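Undergrad: I would like to see how this sequence folds:
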Amino acid sequence: MSSMTTLEKVCDRVANMARSHHDKMISVDDVSFNDLETICISGEPHRLRNMAQQSICYRLGIPINYLRKCPPDLQRNHLNYWMKNEKREKLFFRFDGDEIRSIFTPRYIPTDNKQILDRLLDLGYRPNTRVQCSLDDEFMLVSLPDERESFRVNGDRMTPGIAVSNSEVGLASLSISAFILRLVCTNGMVSKTSFSASYRHVSDKLLSNLPGVLNSLRSGVGQQKERFAISLGTKVDNPEATIESFNRQFELRKEEKEAVDWALREELGFTMFAIVNVYTKSSQYELLSAESRFRLQKVGGAILGMMS
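TA: Below is the predicted model:
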């Protein structure tokens, strides 16, 4: 689950995860498939992780939901047939030990989590900076609250900051967004500002735009306070129906809906402030992936953004 830690500890964890990571350009002629879960490279079998399965199916134009319903021999026939028709001579493979994390075209420029954390340190964030982090094999979300800008809503201390998210395996682009931490329960909320941005890879833009995001946050604190005040004064007669409507609107996945149901029992209330807190609380659900935590925090931010 999302937890408060230090930037240094996040750096250490990312470094440990990266010890067995390596990349390689591989000739298409050296590749064959046993099924959707196993690929052979020069005759050596390698397990394809979830994002590797998705990325190769996308590359070959095979609907992955269909392929997952097929028996292994039909999976093998589909994959090998379309791989022989692949136009590119080589593909870019990302490994974790012997397992394949993801597969891209040679033009892909990877963004590694370590690069991003190093940039944050370059910007002056100290190793002992308190951060909230969600991290797994597919996604990283690091939120850095700025306690100098804290304010109170209904007795709760709210701390704005920035949220930096990234996927090394193509699940999402590198992005920088506004972030608000509800300190009493460490619920986080990600919202877009005029300076929110996404990047295909680490570049000088990341360094130049981060100060802009921080300035935008400081100038937008007053607006956020107003939105929280409006949410507190906006009554909700049927929280369950309101939640169900938002679940459909934001196209939540099954596991994300389960997280929201869990949070609703914890944060039940009859205002839009309570509804927002349901979604931010749901991101703490233990069984969620890091990317789903980020999605739910964005839902909370989007609902608050409707308060005007």
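Undergrad: give me the residues contacting the strand or helix carrying C133.
TA: According to DSSP states H and E, C133 maps onto strand 130-135. For strand 130-135, contacts defined as C-beta atoms under 8 Å, 6 or more residues apart in numbering pick out 1-7, 10, 13-14, 17, 113, 140-145, 181, 186, 188, 283, 290, 293-294. Bear in mind the C-beta positions are built from the backbone N, C-alpha and C, glycine included.
Undergrad: if we go to 7 Å?
TA: Outside strand 130-135, the residues within contact range by C-beta atoms under 7 Å, 6 or more residues apart in numbering are 2-7, 10, 13, 141-145, 181, 186, 188, 290, 293-294.
Undergrad: and what of stretch 151-168?
TA: 110-113, 116, 138-147, 149-150, 172, 174-184, 190, 213-214, 217, 221, 224-225, 228, 232, 273, 294.
Undergrad: which strand runs longest in the protein?
TA: With DSSP state E setting the assignment, residue counts place strand 156-166 as the longest strand in the chain.
Undergrad: related to what we said a few turns ago, which of the contacts of strand 130-135 count as buried?
TA: 2, 5, 7, 10, 13, 141-145, 181, 186, 188, 290, 293-294 (16 or more other C-beta atoms under 10 Å).
Undergrad: quick one on the thing from earlier: among the contacts of strand 130-135, which are in strands?
TA: Among these, the members found in strands (DSSP E) are 3-6, 141-145, 181, 188.
Undergrad: now the helices for the stretch 201-308 of the chain?
TA: Ranges of helices in the stretch 201-308 of the chain, per DSSP state H, counting those that start in this stretch, are 204-233, 239-249, 254-267, 272-282, 290-305.
Undergrad: so where's this protein uncertain?
TA: Residue ranges of the chain with pLDDT under 70: 1-2, 183-221.
Undergrad: and it, what are its domains?
TA: Here the domain parsing of the chain from automatic domain parsing is 21-104, 113-305.
Undergrad: what is the end-to-end distance of the first one?
TA: Looking at domain 21-104, the gap from its leading to its trailing residue is 15 Å under the measure C-alpha to C-alpha, to the nearest Å.
Undergrad: now swap in the longest one and tell me
TA: Between the opening and closing residues of domain 113-305 we find a distance of 29 Å, counting by C-alpha to C-alpha.
Undergrad: make JSON lines out of the helices of the stretch 201-308 of the chain and add distance to I26.
TA: What follows is those, written out as JSON lines (distance: least, C-beta to C-beta, whole Å):
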{"stretch": "helix 204-233", "distance to I26": "29"}
{"stretch": "helix 239-249", "distance to I26": "41"}
{"stretch": "helix 254-267", "distance to I26": "33"}
{"stretch": "helix 272-282", "distance to I26": "40"}
{"stretch": "helix 290-305", "distance to I26": "27"}
